[in-house]
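**Student:** here is the input, now give the coordinates:
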Amino acid sequence: EGGAGKGGPRGQQVVEILRNAIIMGTYEPGERLIEASISAELGTSRGPVREALRQLENEGLVTSFPYRGAVVLGVSDEEVQEVLIPIRLTLERYSFTHALDRLTEQDIAELGKHVWLMEQAAATDDLGRNVEADLRFHEIVIAASGQTHTVQIWRTIWPRIRAYFYRYGRGQDLARMVDEHRELLAAVQAHDREMMLTQLERHIAVPAPT
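**Tutor:** Next up, the predicted model:
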């Protein structure tokens, strides 16, 4: 249990393979994910597949039903454009404004570290590490805002935000994302509220990939 078949992918690799397949549309929303079929296909045992499906359920990409097992939820461009981006903009405008006078030197240093991590990821075209650093950057500011309910709302939707970061980040210029975060951080450090909100809007309100 939990081991991999000969040379088969393990734990986190299984998560990444399945996550990519959902985000790239290999598995359609509503499609059933059957443990036995996936483990046979990947040449691994069922333990890592079961764990991966549980993690993807936490990320909001999969849901499980009694007797039916795991079913793909996926993230559509319509949901991203009509729901996730508007909610994100509202939450982050509010959070960044409230965080402006609350961010400590340590918070600022931490934000700088995550811009650096994004830069490292962009240099090797590592979308996964770029997405994680990007999310963490935003979470630091949201947590520093001191707005408990806003933080709660963010935490309930961030797995789906994460999913659309992966979906929208494919084939994108990751270096441009780094620059956007650097500009955002500069505006935060300068306590320039107007510039910060302008940068935030430009950064968040992205069109669907064509």
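
**Student:** need the residues that contact the helix or strand hosting Ala187.
**Tutor:** According to DSSP states H and E, Ala187 maps onto helix 174-189. Contact with helix 174-189 is made by 96, 99-100, 103, 108, 111-112, 114-115, 118-119, 121-122, 125, 127, 130, 134, 137, 141, 169, 195-196, 199-200, 202-203, as judged by CB atoms under 8 Å, 6 or more residues apart in numbering. No exception for glycine: its C-beta is placed from N, CA and C like everyone else's.

**Student:** for the record, mean pLDDT for it?
**Tutor:** Taken as a whole, helix 174-189 carries a mean pLDDT of 96.

**Student:** residues contacting the residue nearest the centre of the chain?
**Tutor:** The chain has Arg162 as the residue nearest its centroid, 1.7 Å off, counting by CA atoms, centre = their mean. Shown in contact with Arg162 (CB under 8 Å, 6+ apart): Glu59, Val131, Leu135.

**Student:** sitting in helices, which of the contacts of helix 174-189 do you find?
**Tutor:** Among the contacts of helix 174-189, the ones falling in helices (DSSP state H) are 96, 99, 108, 111-112, 114-115, 118-119, 121-122, 127, 130, 134, 137, 141, 169, 195-196, 199-200, 202-203.
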